[in-house]
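Colleague: What follows is a predicted structure for the sequence shown.
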Amino acid sequence: MWRDNLRGICYIALKDMRTYYLKPPSISWGIFFPIAWILGFYLRNPRSFGELVPGLIAMTILFSTTAAEAVVINFELRLGSLERLLLAPISLPAVLLGKMLGGAIFGFIMVTVATIGSSVVLGLHPDPLYLILIIIPSLLVFASLGALLCVLVKEVFEAQTLLNLPRFVMIFLCGVVYPVSAMPTGLQYLARVMPLTYTVNGLQQCFSASASGIVFTDTLVLVGFFLLFIFPAIKLFYKKFE
């Protein structure tokens, strides 16, 4: 059974990549939007662009993993194509994981382009191991967040609206363009309950000349967020078929 589930997860992810993610709208939303956003802040308040690279990568992770997440599940539920997957010997959690994996793989492609491109152009030398420790759990966190918010509602437009709220709140409060430490105390506490804060903090350590073990702490926190999102998402996904 586990082999069928694993095979199903991979095929669902590949199908979603071809159908939804590897399309111009998803690519532009996943990588060009973060670049334009960061560039806009840079032009308004010019400083070392290297300081904005961790925020750029974090935004790429956030937007690329959720680029089509709000569409995939509810759209296929309305068409009835999602139910056809259940004719195969595959469990409901495996179907949801396959949907999430598609977003995570697409996010990995986009963040690889953004990381390598910015590092080469700006002459930066991030720690590869620390980057992997932060990027992989971050991709899973935001893919699971997108899935959770998607299964909370029935319509595609509702999912898109619901997903945009935490995305844009996190951009402003999680240190992407403005340090969390410089915010009022209340906003700092709010930032600490948002996963993007730990992604940005970990990425900053990766690009630091003296990367520290704080990266491991951020990784563990991100794993905790993933578990916090994935289990309710699976439970709600079951209810879609009751």
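Modeller: Received it, and whenever you're ready, just let me know what you need. From a predicted model like this one, the values you see are computed outputs, not experimental measurements.
Colleague: mind listing the helices for this structure?
Modeller: With helices called from DSSP state H, the chain shows them at 2-16, 24-27, 33-44, 53-65, 69-79, 81-85, 92-122, 128-151, 156-173, 185-191, 195-206, 214-239.
Colleague: what's the spacing between the fifth one and its chain's center?
Modeller: Okay, so that is helix 69-79. Distance of helix 69-79 from the chain centroid (CA atoms, centre = their mean, to the nearest Å) equals 18 Å.
Colleague: Could you list every helix and strand in contact with it?
Modeller: Packing partners of helix 69-79 (3 or more CB pairs under 8 Å, 6 or more residues apart in numbering; DSSP states H and E): helix 81-85, helix 92-122, helix 128-151, helix 156-173. Using the backbone N, CA and C atoms, a C-beta is placed for each residue, glycine as well.
Colleague: Let's have those in TSV, adding mean pLDDT and mean neighbour count.
Modeller: Listed next are the helices and strands packed on helix 69-79 as TSV, based on pLDDT from 0 to 100; neighbours: other CB atoms under 10 Å:
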stretch	mean pLDDT	mean neighbour count
helix 81-85	74	15
helix 92-122	89	21
helix 128-151	92	24
helix 156-173	85	16
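Colleague: Out of the ones you listed, which gets nearest to residue 72?
Modeller: Closest of the helices and strands packed on helix 69-79 to residue 72 is helix 92-122, at 5.5 Å (criterion: CB to CB).
Colleague: returning to what we had before: save the helices of the chain as CSV, and put in distance to residue 179 too.
Modeller: Output for these, formatted as CSV (distance: least, CB to CB, whole Å):
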stretch, distance to residue 179
helix 2-16, 36
helix 24-27, 30
helix 33-44, 13
helix 53-65, 10
helix 69-79, 29
helix 81-85, 42
helix 92-122, 19
helix 128-151, 18
helix 156-173, 11
helix 185-191, 10
helix 195-206, 9
helix 214-239, 15
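Colleague: hang on, the earlier thing: and the helices and strands packed on helix 69-79: which comes nearest residue 218?
Modeller: helix 128-151 (6.3 Å).
Colleague: residue contacts, residue 138?
Modeller: 58, 61, 195, 199, 202, 222 (CB atoms under 8 Å, 6 or more residues apart in numbering).
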